[in-house]
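Asks: let's see this in three dimensions:
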Amino acid sequence: MSEDNGTGRWFKRLTETFSGEPKDLEDLLEVITHARERGIINQDASEMLEGVLRVAELQVRDIMVARSQMVVVSRDDPPEKILPAVIEAGHSRYPVIGEDRDQVVGILLAKDLLR
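Replies: Here you go, the predicted structure:
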């Protein structure tokens with residue numbers, strides 16, 4: 001019986017080795033890279049898939065800024081005032097506020113200032 005169990009484990013490992021299916025995240029990322037290299041998916045799709053798969057490795061502090069450290073833009077501020085603040089802060093998104101910081105009326109994308 002132990003021989004069957006040992007043979008079963010060996011056969012399972014052999015099957016996994018030659019199955020061609022990814023066994024972990026790195027294998028899956030390699031499959032995505034090969035798909036891009038073979039023209040199955042384009043560069044943008046490849047980067048998007050890799051980003052989605054790696055997001056689990058990030059922590060909240062890697063993505064978000066504490067509320068007390070948020071750089072906000074008032075909806076009434078002229079571009080001449082906004083641009084220097086955006087350049088100095090170096091973030092990609094800025095809450096646009098109304099009367100106070102609790103009244104967020106939108107989001108300004110820094111790239112939109114380049115237009």
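Asks: in the protein, which residue is closest to the centre?
Replies: residue 51 (4.2 Å; Cα atoms, centre = their mean).
Asks: any idea which element that residue lies in?
Replies: In the assignment (DSSP states H and E), residue 51 maps to helix 43-54.
Asks: can you name every helix or strand that that helix contacts?
Replies: With contacts defined as 3 or more Cβ pairs under 8 Å, 6 or more residues apart in numbering; DSSP states H and E, helix 43-54 has these neighbours: helix 25-37. For every residue, glycine as well, the C-beta is placed using N, CA and C.
Asks: quick check: angle from the helix it packs on to helix 43-54?
Replies: 170 degrees (axes from the mean of the first three to the mean of the last three Cα atoms, to 10 degrees).
Asks: what comes up buried for helix 25-37?
Replies: 29, 32, 36 (16 or more other Cβ atoms under 10 Å).
Asks: for the chain, what spans make up the helices?
Replies: Here the chain has its helices, by DSSP state H, at 2-18, 25-37, 43-54, 60-63, 79-89.
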